[in-house]
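# Sequence isn't available, so here's the structure alone:
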């Protein structure tokens, strides 16, 4: 067994200082980068389409006293994730924290879907995540100081949705990859967890920078509104921090209670009828 970090007040003595956040140009990735920014930390902000958004994230990270490194990353070529992690590990002197926010989806029925479209989603959401996770974990193990890995999955890691076949398959696969990695990496002091958001006000749902309280009533969600990206980031920050050393292999649903509703759930519902027997 590898040496474990010394516990402090019941928690592993770990701080996220050399952080890679994929898909940090907007939405959950951006909110996470800003949440984790603190003096003395280095944060890699990756972007695919929106360089301007990544530069804005970096500006906010630097304003909090952290060092920001902006890099392009296209996970439709999954091994580019390995190359990116290796490059920034050399730049920062290692990687101790990885948050995987890159993702894409579809809205096509299986019988109408092209294989190329299937592969694009699975490449980014699952294959690319594997490459990033493997590369980061290798650096963490080599350094011998433990680490944190958090994958942003979705409520559709746990529940299907019509028209989202490749997305559901990839997120479900990523959820199980998290569990396997958690078991295999625990002896090295590395925790691996998933955060499974519900409907969040981000560009992926066409709602970034909009209030989740104004004109956003959602009858099909118990708390009756979408989530804010900062609410996801707060959960990620806990899982990356010193107080989460005994949490690994878990999937944290941050969904306003949607999954708890089971088959009654859905951000698409237009009535409160489900609230009454």
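Sure, I can see it. Owing to the predicted nature of the structure, the values given are computational and were not obtained by experimental measurement.
# quick check: longest helix of the chain.
helix 165-185 (DSSP state H).
# Give me the nearest residue to residue 39, chain neighbours excluded.
residue 65 (3.4 Å; CB to CB, 6 or more residues apart in numbering). For every residue, glycine as well, the C-beta is placed using N, CA and C.
# what's the answer for residue 40, then?
Once flanking residues are discounted, residue 40 sits nearest to residue 17: 6.7 Å by CB to CB, 6+ apart.
# who touches the closest residue to residue 149 other than its chain neighbours in this structure?
Residue nearest to residue 149 in three dimensions, not counting chain neighbours: residue 192, with 4.4 Å by CB to CB, 6+ apart. Counting by CB atoms under 8 Å, 6 or more residues apart in numbering, residue 192 touches 133, 149-151, 178-179, 181-182, 185, 248-249.
# Buried subset of these as a PyMOL selection?
Typed into PyMOL, the line below selects the buried ones among the contacts of residue 192, using 16 or more other CB atoms under 10 Å:
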select buried, resi 133+149+150+151+178+179+181+182+185+248+249
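# For the residue nearest to residue 149, give me the pLDDT.
If you check residue 192, the pLDDT there is 98.
# Next: residue 264.
65.
# Kindly report the same for the one 4 residues further on.
pLDDT, the model's per-residue confidence, is 68 for residue 268.
# next one: residue 208
Value for residue 208, per-residue pLDDT: 56.
# Start the count at 539 instead of 1 going forward.
Understood, numbering begins at 539; the last thing we discussed is residue 746.
# Distance to residue 663 added to the contacts of residue 730, as CSV?
What follows is the contacts of residue 730, written out as CSV (distance: CB to CB, whole Å):
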residue, distance to residue 663
671, 13
687, 16
688, 15
689, 10
716, 13
717, 17
719, 16
720, 19
723, 21
786, 21
787, 19
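# contacting residues around the residue nearest to residue 640 when sequence neighbours are not counted?
Counting by CB to CB, 6+ apart, residue 640 lies nearest to residue 561, which is 3.6 Å off, once chain neighbours are set aside. Neighbour list for residue 561: 567, 584-586, 611, 638-641 [criterion: CB under 8 Å, 6+ apart].
# Which ones among these lie within strands?
The members of the contacts of residue 561 that map onto strands under DSSP state E are 584-585, 638.
# Now flag whichever of those is closest to residue 682.
residue 638 (22.6 Å; CB to CB).
# Residue 807 versus the closest one, what's the distance?
30 Å (CB to CB, to the nearest Å).
# Neighbour count for these two, which is higher?
Neighbours per residue, other CB atoms under 10 Å: of residue 638 and residue 807, the larger number sits with residue 638, 28 against 15.
# Show me the beta-bridge partners of that one.
In this entry, residue 638 is beta-bridged to residue 560, residue 689, by DSSP bridges.
# Likewise for residue 735?
residue 792.
# where does it land on pLDDT?
96.
# Quick check: the gap between it and residue 666.
18 Å.
# same deal with residue 787?
Applying CB to CB to residue 787 and residue 666 gives a distance of 21 Å.
# And residue 607, by the same measure?
Noted for residue 607: a distance of 19 Å to residue 666, by CB to CB.
# who has more neighbours, those two?
Neighbours were counted for residue 607 and for residue 666 using other CB under 10 Å; residue 666 has more, 30 against 17.
# which SS class is that one?
Following DSSP: H, G, I helix; E, B strand; the rest coil, the label given to residue 666 is helix.
# Distance check, it against residue 598.
Applying CB to CB, the value for residue 666 to residue 598 is 25 Å.
# Please apply the same query to residue 676.
Relative to residue 598, and taking CB to CB, residue 676 is found at 30 Å.
# ok, back up a step: against which helices or strands is the longest helix of the chain packed?
Counting contacts by 3 or more CB pairs under 8 Å, 6 or more residues apart in numbering; DSSP states H and E, helix 703-723 packs against helix 653-660, helix 666-681, strand 685-690, strand 728-735.
# Residue 779 is nearest to which of the ones you listed?
Where the helices and strands packed on helix 703-723 are weighed against each other on CB to CB, the nearest is strand 685-690, at 7.9 Å.
# Is residue 568 in contact with residue 595, as I believe?
Yes: when contacts are counted by CB atoms under 8 Å, residue 568 is listed as touching residue 595 (4.6 Å).
# Much appreciated, bye for now.
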